[in-house]
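K.L.:
Predicted model, plus sequence, below.
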Amino acid sequence: MPDDAPASVRREVDSLREQIEFHNRQYHTLDRPRITDAEFDALLAKLEELETRYGLQSPDSPTQRVGSEPLPGFVEVRHEIPMLSLEKAFSEEEFVQFETRTLKRAGIEGAIEYCCEPKVDGVAVSLVYRDGVLERGATRGDGVNGEDITHNVRTIHDIPLRLEGSDLTGTRIEIRGEVFLGKQGFAALNERAREEEDRTYVNPRNTAAGAIRQLDSRNTARLPLQMYCYSLGVAEGLDLPETLFETFDLLDQWGLKTNADRQLCTGADACLEYCRRLLEKRPDLDYEIDGAVIKINRLDLQRELGQTARSPRWAIAWKFPAEEKSAKVLAVDFQVGRMGTITPVARLEPVFVGGVTVSNTSLHNMDEIERLGLCVGDTVIVRRAGDVIPQIVQVIEQGDERGEVEMPKACPACNSPVELDGDIQYRCNAGLICPAQRRQSVGHFASRTAMDIEGLGEKLIEQLVDSGTVKNVADLYRLSAEELAAFERMGPKSAENLVSAIEKSRNTSLPRFLIALGIREVGDATAAALAAHFGDLEPLMNADAEALQEVPDVGEVVARHIREFFDNSENLELITALREAGVNWPAEETGTRDSLPLAGQTFVLTGTLERLTRNEAKAKLVALGAKVAGSVSARTSCVVAGESAGSKLTKAEELEIRILNEQEFMDFLERS
């Protein structure tokens, strides 16, 4: 460092570099960020400002490189063209300054044409195709060296194993993009995890990052990962387009997925207007974004402008303000799930964030509490992840009197011993002896996608279970209006209505009954597929694991869960009790998947349906042989558009894909 730099400045620079390197590793290598993006950007901006002002630049400074080194255990991959990060703008003024510098450096008078697109909050990935065939997938890593994840990217359906279109013999093409988990897919993943009493996921980005870095690709394949491609890296034996927008068209022709929300904008004002509209549209998108990416459209101008050690001079990321607030942790409670999983829940001083008031949030497991370093009394940053799920990001201030959080040794609901199940999940194994598990079991059985018993709410279930009136779900069918009317907030009319709803539920369908049983990892679509394949309960109960795996979407793990359920004598007794109580269903039509009416067709659901939930619509389509996808592509057969349909409908119109409104969809199901 120069001798004329004050000692206090040198110490501050050293401290900033140390902090940034630490947080770089937490974010890029370990996928365990300790601070928010905004806080990291502030640290980096402060370091850049001090280095520039005092001439303290150094080749080993974090301002001169990107990310961190790969973890041991994966084969290292060197990027022929570095995968750099982008310069960031946090205000309109900063973006205008970027354009002014760019115009001056390029010697251009007038406006530049830019390609603007959403900045997807995912994980950057490089794909290499040789002769049109996927040869390698790699993470970005530190921008120069990444990790070979070919075995995992092959499991992502958005990534073609062979490029479509013209003859690509003699070519070697690198395609770059963002792997991510959509909001709908993430919500479904956590819903299934909660139903099965498995570990829930913290946020979509961390889940995607962890998934592509699995040593066992079967774990990756279980997640609905997606990928948007946005640029070419190495391109040998190929005539390159002249613009970035034309590159997107080429990627589309090859069968790769690109973001339909991109737009050409001329000049700074048009770019800023695009960013404003995107910010308004953000809640309606099915994927997480944290800003917009703005790149010069002309590729020759990109090459002319070049890059710094950290970022290209022809692109910038406009960062949206983070939806985060601080709150004090008042307590940590422990909830018991349907299958005994014990989950810590933080009780917070109410805070308004992301459009809602948040007063509690799941801490997922004890590992998460340890990672955060959280104690009762601490002040934390709360982010509404995915615009839906509140999440604690970090501890920003330790409380004066900190209360350490410990997993209880006894179940908070039944006082049975708490046991560690696997590496991180604690569980009460008391089963239906535990009132909390019994309550959850009854609630699941009565839910809309299962037996659909209207009027059987959480408060009444608690009274029925705690009083000993309902010991298992079969007891519901023995309830009388007189018994029910004696409970709090249950008058004679409400009691009669509930008895009628219970009576109505005796006549159900096999898929609904299978869902109601609560078999691990058997949700709507799997239940429909099992019913369509076996036709009735008895053949399913007698099927071995090999026969179960002949059913679409049933793999080794799900088959094992099904067999374990039907091999349990208590479960068999419960099924017998339900059948004796009059629960019945018509036999399903069976047949091979190929013989079903919608076999080979792919449907996409978007918007809100009034007469069906999304899960119900999906189950009906799957039962008819269709595949239900989360995004629209050239391979989509039909899009079902409800109220407030968003970008999926727009893309379907652009691709001239068949579109059904709700009434047309209901008529279609009736005909099918």
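P.N.:
Perfect, thanks for sending it. What you are looking at is a predicted structure, and each value in this text was computed from that prediction instead of being measured.

K.L.:
pLDDT-wise, which helix or strand of the chain ranks last?
P.N.:
helix 614-623 (a mean of 79; mean pLDDT, DSSP states H and E).

K.L.:
hey, C-alpha coordinates of it in CSV?
P.N.:
What follows is helix 614-623, C-alpha atoms only, in CSV (Å, rounded to 0.1, in the frame of the first residue of the first chain):
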residue,chain,number,x,y,z
ARG,A,614,-54.5,-25.9,-9.4
ASN,A,615,-53.8,-29.2,-7.7
GLU,A,616,-57.2,-30.6,-8.7
ALA,A,617,-56.8,-29.5,-12.3
LYS,A,618,-53.4,-31.0,-12.4
ALA,A,619,-54.7,-34.3,-10.9
LYS,A,620,-57.4,-34.6,-13.5
LEU,A,621,-55.0,-34.0,-16.4
VAL,A,622,-52.5,-36.5,-15.0
ALA,A,623,-55.3,-39.1,-14.6
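
K.L.:
And that helix, what does it pack against?
P.N.:
In terms of contacts (3 or more CB pairs under 8 Å, 6 or more residues apart in numbering; DSSP states H and E), helix 614-623 is packed against helix 524-534, strand 602-606, strand 627-629. Yep, even glycine has a C-beta here, placed from its N, CA and C like the rest.

K.L.:
Might one say that residue 316 is in contact with residue 88?
P.N.:
Yes - Residue 316 lies in contact with residue 88 (CB atoms under 8 Å); the separation is 7.0 Å.

K.L.:
higher neighbour count, these two?
P.N.:
The neighbour comparison of residue 316 against residue 88 (other CB atoms under 10 Å) goes to residue 316, with 26 against 19.

K.L.:
Sheet partners, orientation included, of the helix or strand where the more buried one lies?
P.N.:
Using DSSP states H and E, residue 316 maps to strand 315-319. Using DSSP bridges, strand 315-319 pairs in its sheet with strand 87-89 (parallel), strand 289-296 (antiparallel).

K.L.:
about what we covered before: would a markdown table of the helices and strands packed on helix 614-623 with mean neighbour count, distance to residue 277 and mean pLDDT be doable?
P.N.:
Shown next, in a markdown table, are the helices and strands packed on helix 614-623 (neighbours: other CB atoms under 10 Å; distance: least, CB to CB, whole Å; pLDDT from 0 to 100):
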| stretch | mean neighbour count | distance to residue 277 | mean pLDDT |
| --- | --- | --- | --- |
| helix 524-534 | 24 | 35 | 85 |
| strand 602-606 | 22 | 19 | 90 |
| strand 627-629 | 19 | 27 | 82 |
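
K.L.:
got those as JSON lines, with distance to residue 392 columns?
P.N.:
Shown next, in JSON lines, are the helices and strands packed on helix 614-623 (distance: least, CB to CB, whole Å):
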{"stretch": "helix 524-534", "distance to residue 392": "31"}
{"stretch": "strand 602-606", "distance to residue 392": "32"}
{"stretch": "strand 627-629", "distance to residue 392": "33"}
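
K.L.:
Can you say which of those is nearest to residue 209?
P.N.:
The closest of these to residue 209 is strand 627-629. By CB to CB, the value is 22.8 Å.

K.L.:
residues making contact with that closest one?
P.N.:
Residues outside strand 627-629 that contact it (CB atoms under 8 Å, 6 or more residues apart in numbering) are 525, 601-605, 618, 621-622, 636.

K.L.:
What of stretch 604-621?
P.N.:
With CB under 8 Å, 6+ apart as the test, stretch 604-621 has contacts from 448-449, 511, 523-525, 527-528, 598, 603, 628-632, 636, 638-646, 648-649, 652, 662, 665-666, 669.

K.L.:
Contact partners for residue 236?
P.N.:
171-173.

K.L.:
okay if I get these as JSON lines plus distance to residue 431 and pLDDT?
P.N.:
As requested, those are exported to JSON lines (distance: CB to CB, whole Å; pLDDT from 0 to 100):
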{"residue": "171", "distance to residue 431": "59", "pLDDT": "93"}
{"residue": "172", "distance to residue 431": "58", "pLDDT": "95"}
{"residue": "173", "distance to residue 431": "56", "pLDDT": "96"}
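
K.L.:
Out of the residues you listed, who's the most crowded?
P.N.:
So for those (other CB under 10 Å), the most neighbours sit at residue 173, 22 neighbours.

K.L.:
ok, whichever helix or strand that one is part of: who's next to it in the sheet?
P.N.:
Residue 173 is part of strand 172-181 when elements are defined by DSSP H and E. Partners of strand 172-181 in the sheet, by DSSP bridges, are strand 123-130 (antiparallel), strand 225-236 (antiparallel).

K.L.:
and the ones you listed, which is most packed in?
P.N.:
strand 123-130 (a mean of 22; mean count of other CB atoms under 10 Å).

K.L.:
ok now do the nearest residue to residue 234 once chain neighbours are set aside, which residues does it touch?
P.N.:
Distance criterion CB to CB, 6 or more residues apart in numbering; nearest residue to residue 234, sequence neighbours excluded, is residue 174 at 4.1 Å. Residues in contact with residue 174 (CB under 8 Å, 6+ apart) are 80-81, 126-129, 232-235.

K.L.:
How about the residue most central in space within the chain: what's its closest non-neighbour residue?
P.N.:
Centroid-nearest residue in the chain: residue 186, 2.7 Å away (criterion: CA atoms, centre = their mean). Of all residues not flanking residue 186 in the chain, residue 204 sits nearest, at 4.4 Å (CB to CB, 6+ apart).

K.L.:
what's the burial count for the one you found?
P.N.:
When neighbours are counted by other CB under 10 Å, residue 204 comes out with 25.

K.L.:
Please renumber the chain so that the first residue is 17 from this point on.
P.N.:
Sure, I'll start numbering at 17, so the last one becomes residue 220.

K.L.:
How much space separates residue 141 from residue 175?
P.N.:
9 Å (CB to CB, to the nearest Å).

K.L.:
now swap in residue 283 and tell me
P.N.:
Residue 283 is 35 Å from residue 175, by CB to CB.

K.L.:
Same question for residue 676.
P.N.:
Counting by CB to CB, the gap from residue 676 to residue 175 is 29 Å.

K.L.:
out of the two, which sits in the busier spot?
P.N.:
residue 175 (23 against 17).

K.L.:
Now that one: phi and psi?
P.N.:
phi -100, psi 110 (degrees, to the nearest 10).

K.L.:
Settle this for me: it is touching residue 169, isn't it.
P.N.:
Yes - counting by CB under 8 Å, residue 175 touches residue 169, with 5.4 Å between them.

K.L.:
Common neighbours of those two, please.
P.N.:
143, 150, 153, 243.

K.L.:
quick revisit: of the strands paired with strand 188-197, which is nearest residue 132?
P.N.:
strand 241-252 (11.6 Å).

K.L.:
Mind listing residues that contact the helix or strand just after that closest one?
P.N.:
The first helix or strand that comes after strand 241-252 along the chain, using DSSP H and E, is helix 260-269. Here helix 260-269 makes contact (CB under 8 Å, 6+ apart) with 131, 180-181, 191, 245-248, 256-257, 274, 278, 280, 311-315, 318, 650.

K.L.:
Quick check: nearest residue in space to residue 620, chain neighbours excluded?
P.N.:
Nearest to residue 620 is residue 655, by CB to CB, 6+ apart, at 4.8 Å.

K.L.:
who touches that neighbour in this structure?
P.N.:
Contacts of residue 655 by CB under 8 Å, 6+ apart are 619-622, 648, 664-665, 668, 673-676.
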